[in-house]
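Engineer: What follows is a predicted protein model with its sequence.
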Amino acid sequence: MSKIKIAVAGVGNCFSSLWQGINYYRTRTADDAIGLMHWDIGGYEPGDIEVVAAFDIDARKVGKDVSEAIFAPPNCTTVFCSDIPATGVKVKMGKVLDGFSEHMTDYPDEQTFVKADAPEATEDEVVDILKESGAEILVNYLPVGSEEAVRFYAECALRAGTGYINNMPVFIVSDAGWAERFREKGLPAIGDDIKSQLGATITHRVLANLFKNRGVKLEKTYQLNTGGNTDFLNMLNRHRLKSKKLSKTEAVQSVLPQRLASENIHIGPSDYVPFQKDNKVAFIRMEGKLFGDVPMHLEMRLSVEDSPNSAGVAIDSIRCCKIALDRGIGGALLSPSSYFMKHPPEQYTDDEAFKRTEQFISGERKR
């Protein structure tokens, strides 16, 4: 099979884990590939993904080879594959727009971004780089709250003729207008806001579905998350948190038999704890009524490395986007989006989303 050529916007912790993982699994076989949901998707294995273009705005990454830039500060995720050969691809200066929150200037450089002095890229320049690199898919890893910047790169993907994967909670693929534009161009798109392989939201959804299936009435619930990476630091700006909270809340509400009133459900990042680095700790509480209206409550604590947790999903979404390109399928990919993303165009239970995605991979289901 040919390689899957990707471009990435945002060389942060999430892409660091993804690129480490792609190189890690190149030395593995299907028999010892622990941690993957699929070894083969449409004939493509994890090692068949290659990066051909990358954009960032941090002075410690711009101009560096991708294999070096993924380990530059403020990236702080676990290093599980350090022996990574040079890619020959230098990180290009991107477009800042709202991709940087001004409150982050109050923190030490090792915790946040250092803006590069290089001139910002124009839309034409990004489009030219995508075309010249041969990129087939643009993967968005911009910070939460980067509404303008995410739209900028989505526009670039449309102009350059690449598929698009939106891993962040800015609503592109789940927006009917944007989805129609990708369909008209014959370009597949997966989004929005990536679910972790086994994270707080997917666990919360499974538990909520369990309550429903076992006849337990869920009355109140919260999910509080803390972490020490730049994502959590960025979200201290509550204005930038709006779409993230909406995405995570809707992911849980969508599996409930009856939606909870807003005062009875609280889901979202809670605080930034620097020493946690890329470790995320989630606290989930669920209050309900059992047989005979007898009250019960569930308390759960989950601790995970945030970025590798999402990379296990991204490596599959990229391959699903590629087989859509191979099959000439454009527009929002409903089945993969429902399984891989928190805020897809159409919400299904996780069991149904899994079944539909397997059917999409096998070719039984088109979108």
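Structural biologist: Cool, the structure landed.
Engineer: What is the neighbour count of the residue nearest to Gly363 when sequence neighbours are not counted?
Structural biologist: The shortest distance from Gly363 to any non-neighbouring residue, by CB to CB, 6 or more residues apart in numbering, is to Arg327 (7.6 Å). The way it works is simple: take the backbone N, C-alpha and C, and place the C-beta from them, glycine included. Other residues near Arg327 number 13, with proximity taken as other CB atoms under 10 Å.
Engineer: ditto for the one 3 residues further on
Structural biologist: By the measure other CB under 10 Å, the count of residues near Gly330 is 20.
Engineer: Let me see the contact set for Pro336.
Structural biologist: Residues in contact with Pro336 (CB atoms under 8 Å, 6 or more residues apart in numbering) are Ile190, Asp316, Ser317, Cys320, Cys321, Thr357, Phe360.
Engineer: ok, and the most crowded of the residues you listed?
Structural biologist: Of all the contacts of Pro336, Ile190 has the most neighbours under the rule other CB under 10 Å, reaching 31 neighbours.
Engineer: Can you give me the distance of Met93 to Val52?
Structural biologist: Applying CB to CB, to the nearest Å, the value for Met93 to Val52 is 17 Å.
Engineer: cool, and Glu102?
Structural biologist: Using CB to CB, we find Glu102 at a distance of 32 Å from Val52.
Engineer: Kindly report the same for Leu142.
Structural biologist: Distance, Leu142 to Val52, using CB to CB: 19 Å.
Engineer: of the two, who's got more company?
Structural biologist: Using other CB under 10 Å, the more surrounded residue of Leu142 and Val52 is Leu142, with 27 against 22.
Engineer: Isn't the more buried one up against Val8?
Structural biologist: No - using CB atoms under 8 Å, Leu142 is not in contact with Val8; the gap is 10.0 Å.
Engineer: okay, the longest helix along the chain in PDB with CA atoms only?
Structural biologist: Using DSSP state H, we find that the single longest helix of the chain is helix 306-327. Extracted C-alpha coordinates of helix 306-327, given in PDB (Å, rounded to 0.1, in the frame of the first residue of the first chain):
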ATOM      1  CA  ASP A 306      -3.700  12.600  28.200                       C
ATOM      2  CA  SER A 307      -1.900  12.800  24.900                       C
ATOM      3  CA  PRO A 308      -1.000   9.100  24.300                       C
ATOM      4  CA  ASN A 309      -4.700   8.400  25.200                       C
ATOM      5  CA  SER A 310      -5.900  10.500  22.200                       C
ATOM      6  CA  ALA A 311      -3.200   9.200  19.900                       C
ATOM      7  CA  GLY A 312      -4.600   5.700  20.000                       C
ATOM      8  CA  VAL A 313      -7.800   7.100  18.400                       C
ATOM      9  CA  ALA A 314      -6.100   9.500  16.000                       C
ATOM     10  CA  ILE A 315      -4.100   6.800  14.400                       C
ATOM     11  CA  ASP A 316      -7.400   5.100  13.400                       C
ATOM     12  CA  SER A 317      -9.200   8.200  12.300                       C
ATOM     13  CA  ILE A 318      -6.300   9.100   9.900                       C
ATOM     14  CA  ARG A 319      -6.600   5.700   8.300                       C
ATOM     15  CA  CYS A 320     -10.400   5.900   8.100                       C
ATOM     16  CA  CYS A 321     -10.000   9.300   6.400                       C
ATOM     17  CA  LYS A 322      -7.500   7.800   3.900                       C
ATOM     18  CA  ILE A 323      -9.800   4.900   2.900                       C
ATOM     19  CA  ALA A 324     -12.500   7.400   2.300                       C
ATOM     20  CA  LEU A 325     -10.200   9.200  -0.100                       C
ATOM     21  CA  ASP A 326      -9.400   5.900  -1.800                       C
ATOM     22  CA  ARG A 327     -13.100   5.200  -2.200                       C
END
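Engineer: list the helices and strands the helix or strand that that helix is followed by packs on?
Structural biologist: The C-terminal neighbour of helix 306-327 among helices and strands, as given by DSSP states H and E, is strand 331-332. Using 3 or more CB pairs under 8 Å, 6 or more residues apart in numbering; DSSP states H and E, the elements in contact with strand 331-332 are helix 176-185, strand 188-190.
Engineer: Can you say which of the ones you listed is packed in most?
Structural biologist: Stretch with highest mean neighbour count among the helices and strands packed on strand 331-332: strand 188-190 (a mean of 31; mean count of other CB atoms under 10 Å).
Engineer: Which strands border that strand, and is each parallel or antiparallel?
Structural biologist: strand 163-166 (parallel), strand 331-332 (parallel) (DSSP bridges).
Engineer: between those, which gets nearest to Ser310?
Structural biologist: Closest of these to Ser310 is strand 163-166, at 11.7 Å (criterion: CB to CB).
Engineer: From one end of stretch 342-353 to the other, what's the distance?
Structural biologist: 12 Å (CA to CA, to the nearest Å).
Engineer: let's have the chain start at 24 instead
Structural biologist: In the new count, where the first residue is 24, that last one comes out as stretch 365-376.
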